[in-house]
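1. model the structure of this input:
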Amino acid sequence: MDKDLLAERFQADRGHLRAVAYRMLGSLSEAEDAVQEAWIRLDRSDVSDVRNLSGWLTTVVGRVCLDMLRSRASRREDPLEYHVPDPVVREEGAADPEQEALLADSVGLALLVVLETLAPAERLAFVLHDMFSVSFDEIATVVDRTPAATRQLASRARRRVQGAAPAPAPDAARQRRVVDAFLAASQAGDFEGLLTVLDPDVLLRVDGGDLAAAASKLVRGAEAVTAQALTFAKFRHDSREVTVNGAAGLVSLVNGAPVGLMAFTIVGDRIVQIDIVADTERLAALGVRGHGPAGDPSDG
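-> Below you'll find the predicted structure:
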């Protein structure tokens, strides 16, 4: 195939490949690295006999991500229980084609958190089969197992996901009403009001990263999360509405600068999980914006 045509075909599949890599890795920068590596492998390969180039590229990206996950697992030092995967943040009213591709068939942060706990081969089998309909025969060649053993990997992962990742409410307007009620009750110091919007078993996860490692924590239960919310509200942070992985979210601001990103998982009319990224350097790398003193959006 002509190299220019090959590049054109790859570009047409880039959004899909990035979506696969993001679900595999939970990192936007690493997902981009995986896609670039897939291009390098394509450029060096003879694909004249490949009938389904999109499928071939999907399995190549899967193999690259599997290697990256295995390498990450061998050198990981930060506590996984506090880690919040990279969120995909969309400003209200804004449109970004690359983000929209990532959010097609949107995957929530709660699900990505659970995927982080899976073994690399389990994650690959689940993501490729359950999310992208890749056959077990094709996945088996990537994980070097039989199709039957690969099916078992996906089955184990599916049980973990179904037991730990709540299915969020699909109604965006309802989600926003619940988040608005949470924010209003927090700012008013309304303990009972917070309890009405929090699931009794709500989980709060705060990822402070390296900059604010002491802030990283897990808090379970409505009363404990309410106490945290009321303590947080004492600082009188401003906030701005955003969409996080297709769901309602908030950016917390101090003097116009973003200091935290809150993602909410809502089932029915209750918040069942809150994930917070409180690492300001990471927020900047993710493109989370603040605003000026008058409340005008800015890029700085």
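
2. may I have the residues that are in contact with residue 179?
-> Residue 179 makes contact with 241, 248, 249, 250, 264, 266, 271, according to Cβ atoms under 8 Å, 6 or more residues apart in numbering. Every C-beta, even on glycine, is put in place using the N, C-alpha and C of the backbone.

3. run the last query once more with 10 Å
-> By Cβ atoms under 10 Å, 6 or more residues apart in numbering, the contact set of residue 179 is 197, 239, 241, 247, 248, 249, 250, 262, 264, 266, 271, 274.

4. what sits opposite the nearest residue to the last one once chain neighbours are set aside in the beta ladder?
-> Leaving aside its sequence neighbours, residue 274 sits nearest to residue 204 (Cβ to Cβ, 6 or more residues apart in numbering; 4.8 Å). When assigned by DSSP bridges, residue 204 has beta-bridge partners residue 219, residue 274.

5. ok, residue 204 - how many residues close by?
-> 21 (other Cβ atoms under 10 Å).

6. mind listing what the residue nearest to residue 141 when sequence neighbours are not counted touches?
-> Among residues not flanking residue 141 along the chain, residue 59 sits closest, at 7.1 Å (Cβ to Cβ, 6+ apart). With contact taken as Cβ under 10 Å, 6+ apart, residue 59 is in contact with 20, 38, 52, 124, 128, 134, 138, 139, 141, 142.

7. mind checking pLDDT for residue 59?
-> If you check residue 59, the pLDDT there is 95.

8. about what we covered before: pretty sure the residue nearest to residue 274 is touching residue 221, no?
-> Yes. Under the criterion of Cβ atoms under 10 Å, residue 204 is in contact with residue 221, at a separation of 9.3 Å.

9. in contact with the residue nearest to residue 274: list those residues for me.
-> 198, 217-221, 224-226, 228-229, 262, 271, 273-276.

10. gap between it and residue 276?
-> According to Cβ to Cβ, to the nearest Å, residue 204 and residue 276 sit 7 Å apart.

11. between the two, what contacts are shared?
-> By Cβ under 10 Å, 6+ apart, the residues touching both residue 204 and residue 276 are 217, 228, 262.

12. need the next SSE after the strand or helix carrying the residue nearest to residue 141, C-terminal direction.
-> Here residue 59 is covered by helix 53-75, with elements defined by DSSP states H and E. As assigned by DSSP H and E, the chain's next helix or strand after helix 53-75 is strand 89-91.
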